[in-house]
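>>> coords please:
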Amino acid sequence: MKKLILTTAALAVTAGFAMADTVRLGTEGAYAPWNFVNDAGEIDGFERELGDELCKRASLDCTWVKNDWDSIIPNLVSGNYDAIIAGMSITAERDEVIDFTQAYTPPDPSSYVAMSADVNPETAVVAAQAATIQAAFVANNGWTLIEFASPEETVAAVKNGEADAVLADKSFLDTMVGQDGLVMLERMEAIGGGVGMGIRESDGELRAKFDTAIQSMKDDGTLNTLIAKWEVSSQW
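Numbers count the residues shown, from 1 in each chain. I've put the predicted structure just below:
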């Protein structure tokens, strides 16, 4: 559940969603197990399966659009797709620009991965993906931060010695532990909120449809089953 920090002062809503049209779901496709591109070149992961089920329950015809993380909100606002489903935490800052559905996962703890279990993040060089709450957390604590455009680059920086540790969602780092000697530190950080779908502020009807679908999956237990299958967070 990555957490984008918005730097744009204002974004104008330039496109709306017509309920008769196909709903385009925007995701990063680079944050396993939340979302990734599989060997067949298709969007896969927890959010692909979740999004398809939500669209089915909402009686919506949906397609998927891959978009880089750093422009994922601006491209929603400008109309390149109709909803974001990309491990995005619900924050007050983002809510000033877009709307959110109710959360579909609880908050996921942020963890550290390093080449040694003895690394102290407070005195180390910590890598984080740019424009995330993890990056802001390190900077706000006055620690040494090095930022990268993609999550894979943050891990590579630790492997090649450019950084001492990487701070990211635990569910993402779980997939990295053991690679080339990477270990998970015991320390974890409680930052960010639950993860929801981002919707343009003008698309209240679409948000309501997804809210209803998310709630139905919570009520019948299928959302917890999906969370457990992909091990993305704690359950409801």
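>>> which one is residue 170 nearest to, not counting chain neighbours?
Closest residue to residue 170 apart from its sequence neighbours, by C-beta to C-beta, 6 or more residues apart in numbering: residue 111 at 4.0 Å. Quick note: C-beta positions are derived from backbone N, CA and C, even for glycine.
>>> contact partners for the one you found?
Contact partners of residue 111, counting by C-beta atoms under 8 Å, 6 or more residues apart in numbering, are 167-170, 173, 184-185, 187-189.
>>> where does it land in three-state SS?
The three-state assignment at residue 111 reads strand, by DSSP: H, G, I helix; E, B strand; the rest coil.
>>> skipping its backbone neighbours, what lies nearest the residue nearest the centre of the chain in space?
In the chain, the centroid-proximal residue (C-alpha atoms, centre = their mean) is residue 87; its distance is 2.1 Å. Distances taken as C-beta to C-beta, 6+ apart put residue 34 closest to residue 87, at 4.1 Å, once the chain neighbours are dropped.
>>> and that neighbour, how many residues sit next to it?
Residue 34 has 29 neighbouring residues, counting by other C-beta atoms under 10 Å.
>>> for residue 155, same thing?
If you count neighbours by other C-beta under 10 Å, residue 155 ends up with 23.
>>> where does it land in three-state SS?
helix.
>>> same check on residue 168?
Put simply, residue 168 is strand when judged by three-state DSSP.
>>> so it touches residue 137, yeah?
No: taking contacts as C-beta atoms under 8 Å, residue 168 lies outside contact range of residue 137: 11.0 Å.
>>> neighbour count winner among those two?
Using other C-beta under 10 Å as the criterion, residue 168 and residue 137 rank with residue 168 on top: 25 against 20.
>>> who's in contact with that one?
Taking C-beta under 8 Å, 6+ apart, we find residue 168 in contact with 2, 110-111, 113, 128-129, 132, 134, 151, 154.
>>> and residue 232, how far from residue 55?
According to C-beta to C-beta, to the nearest Å, residue 232 stands 19 Å off from residue 55.
>>> what about the longest helix along the chain, distance to the chain center?
Counting residues, the longest helix found in the chain (DSSP state H) is helix 204-220. Mean-position distance between helix 204-220 and its chain equals 19 Å (C-alpha atoms, centre = their mean, to the nearest Å).
>>> what's the next secondary structure element after that helix?
Moving toward the C-terminus from helix 204-220, the next helix or strand (DSSP states H and E) is helix 222-230.
>>> how about residue 148, nearest residue that isn't a chain neighbour?
Distances taken as C-beta to C-beta, 6+ apart put residue 154 closest to residue 148, at 4.9 Å, once the chain neighbours are dropped.
>>> the one you found touches residue 128, doesn't it?
Yes: if you go by C-beta under 8 Å, residue 154 and residue 128 touch, sitting 6.1 Å apart.
>>> stretch 164-172 spans what distance, first to last residue?
18 Å (C-alpha to C-alpha, to the nearest Å).
>>> give me phi/psi at residue 85?
phi -140, psi 90 (degrees, to the nearest 10).
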